[in-house]
Each structure stands twice: as C-alpha cells, then as structure tokens.
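Asks: Kindly return the folded structure for what I paste below:
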Amino acid sequence: MKKKLIEVALPLEAINKESAREKSIRHGHPSTLHLWWTRRPLAACRAVLFASLVDDPSSHPDQFPTEEEQERERLRLFGIIEKMVKWENTTNENVLNEAREEIMKSTGGNPPPVLDPFCGGGSIPLEAQRLGLEAHASDLNPVAVLITKALIEIPPRFAGRPPVHLGARTGRPHEPRGWHSRGYLPHFDQANLLQMITFRLDDALPASRRAEWEAMLNIEDEEDRRRKLEEYLDAGYGSCALRDDRVARIVEDALLHFDGQRYRLIEWVVMPNHVHALIETFEGHSLSDVAHSWKSFTSKEANKILGKQGRFWEPDYFDRFIRDE
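Replies: Predicted coordinates for the structure are as follows:
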C-alpha cells in the first residue's frame, strides 16, 4: 500500500495558525449556525482529508528517485495545503481545484467515500464535500445530525437558485440612497465611491465636555474645524476600550472580513476610542449596511470580552466621500 502524505509530514504551523484564527471568524462560519462544543477546525479537517488521500512522494521512487526530489515534491504539496487552509480560500475554486486534482491523481480518479459515524458539528463531512468527495455522516446526538444536515445535505438542494429576498425576486437591485440622514448626521450613499468613515465609542464624547465639542462645531473655517475635531478625538477621552488588543483585533477582523465582497478596504486605523476606515463601496451594498454590520458584531463581541452590557458605539458614523476634482 502506498504511503500517504499524512504518514510522513504536514505543515503543522500553517494548519495550527489558521485553525486558531477560525475562533475569531463569525460571518459565514458554521459555528454561527449552532454551537457545538467539540467542533473541529475546518482548516485542520481540510488538511487532514487532503493529506490522508494524497500519496507521499516516497511512494513514487520512479518519479522521485532521490530524497532531495522527494522533499522538493513534498514542499510543493505543503504549498497547496498552506493555501487551502486559509479562510479566504474556502470558496476559491482555483485553490480547491488544485487540491482536488492532486486527490484524483493519487486515487486513480476514484477517491474513496468519507465516512464519519460521529460527525458532531459536521466539519469533516463539510470539508470532504468541499474537496469533491462523497461524504456520509451520522451521530447518536440528534442535534449533531440536524447541524450536519443543514451544512451538507440541505444547501445542495438549493444551489443555483435565486434568493428569496423580495427585491432579488423582482429583479430590483439595491438602489443607492444618495444624501440621507438617520436623524444624527448626513450621509451620502452611492456605489463605486471612495468613502472615509469614522465611528467612535459611546463614551468618546463625555457629557462634561459637550460644550467644548459644540464650540468646535461652530468654527466657520472648515479645515480648522476638522483639524480641531480630529485633535479632540485623538486626545483619547472616555474609557478607550480599543486600547485592549483583544477588542482592537475584533474590530480589525470585522473590517477585513468582507473586504473584496461588499467593499474594498483600502486603509484603516483603530485608535483608542474611535476607528477610521477608507473603503470603496460596491454595487448592492449600502454604506449604512456596511457600517451597521461592523458596529453590531463588534459591540457584542467587545462587551463579552469586557464583561459589559449596553451600547458600545455612538449611534451614528461620519462619512466623507473622496472626489477626484
């Protein structure tokens, strides 16, 4: 029997790094479907399935007669795994097809089915399906069975069908709102614009200093007014919860999560009591929805870490679109 890659070596550092990173990913991750206390990291399952089916180069001395050639080929396979385990590549067909081709090559085009009698959170059958493998799974716990059915059995039935959202059914795309207000600040919403967004913590403007803030708003010179407002924010009033690396990391991960899908994130900075982000807006995703998704998710996660409840961010945000003129 041919020796498989998993019996010889794996790029464990890359696999461990991506497996640990999954703990901070919320949007789109199966863990958001239902809590399962022993859920296996998707990255590790993907890597183990691949390495269990792909031959180690030492199994082909005719193709790789020396140890140096075997090691070179092994590193190439490691490169496939290192790309494959990244969360951003879970839907990258180029990366996944490269892995599928290696599996087919090592199994003579007829890979064995994957059987998981205790599937738990469904990670193994899900990743088997992602790699183009036939997957069968079950569990004694009915909750585990339900989670796994929702992950690997139900979605293929609806693949390729239009969404049930009323606007999508009637063919009406998201219509840019242009200038509008949510009762606090004016906003401009339009696709394909460069937008500079600032949102701050709920206590970044203490009531005791409101008069000082209002005086700045009355400065007639726009450039001078903007400079003094920025200096005020940078002074770091309030609790400055974003100084906590754990909270700052949650905010940064949220900004990066839909980069390339709902917007293009160009630059960003997380300050102690506020956040700046420069993005290019995409068609079909309003700026207000983007800002809401950032603030809603991060406020819940930050409050968990800090052991607090209540409002974390100020209700609104400030945006300025960048004009080329």
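Asks: Phe282 contacts Leu265, correct?
Replies: No: the pair Phe282 / Leu265 is not scored as a contact, 11.2 Å apart, by CB atoms under 8 Å. C-beta coordinates here come from the backbone N, C-alpha and C atoms, glycine included.
Asks: the strands in this protein, which residues?
Replies: Counting by DSSP state E, residue ranges of the strands within the chain are 114-116, 135-137, 178-181, 186-189, 194-200, 263-270, 274-281, 318-322.
Asks: Which parts of the chain are helices?
Replies: 12-21, 42-53, 67-84, 93-106, 123-130, 142-148, 155-158, 166-169, 210-217, 222-234, 245-257, 287-306 (DSSP state H).
Asks: just checking, which of these comes out with the lowest mean pLDDT?
Replies: Lowest mean pLDDT of the helices of the chain: helix 166-169, a mean of 44.
Asks: Next up, the contacts around Glu127.
Replies: 42, 45-46, 49 (CB atoms under 8 Å, 6 or more residues apart in numbering).
Asks: Mind putting those into JSON lines with neighbour count and distance to Gly238?
Replies: Below are the contacts of Glu127 laid out as JSON lines (neighbours: other CB atoms under 10 Å; distance: CB to CB, whole Å):
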{"residue": "Leu42", "neighbour count": "25", "distance to Gly238": "38"}
{"residue": "Cys45", "neighbour count": "24", "distance to Gly238": "43"}
{"residue": "Arg46", "neighbour count": "27", "distance to Gly238": "43"}
{"residue": "Leu49", "neighbour count": "23", "distance to Gly238": "48"}
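Asks: quick one: which of the residues you listed is nearest to Asp221?
Replies: Leu42 (53.6 Å; CB to CB).
Asks: quick one: the closest one and Ile124 touch, right?
Replies: No: between Leu42 and Ile124 there is no contact under CB under 8 Å: 9.5 Å.
Asks: Leaving aside the residues adjacent along the chain, what's closest to Glu98?
Replies: Once flanking residues are discounted, Glu98 sits nearest to Ile80: 5.7 Å by CB to CB, 6 or more residues apart in numbering.
Asks: In JSON lines, list the contacts of Glu127 along with distance to Glu301.
Replies: Formatted as JSON lines, the contacts of Glu127 follow (distance: CB to CB, whole Å):
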{"residue": "Leu42", "distance to Glu301": "20"}
{"residue": "Cys45", "distance to Glu301": "25"}
{"residue": "Arg46", "distance to Glu301": "25"}
{"residue": "Leu49", "distance to Glu301": "30"}
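Asks: Between those, which sits nearest Asn97?
Replies: Using CB to CB, those come closest to Asn97 at Arg46, 13.9 Å.
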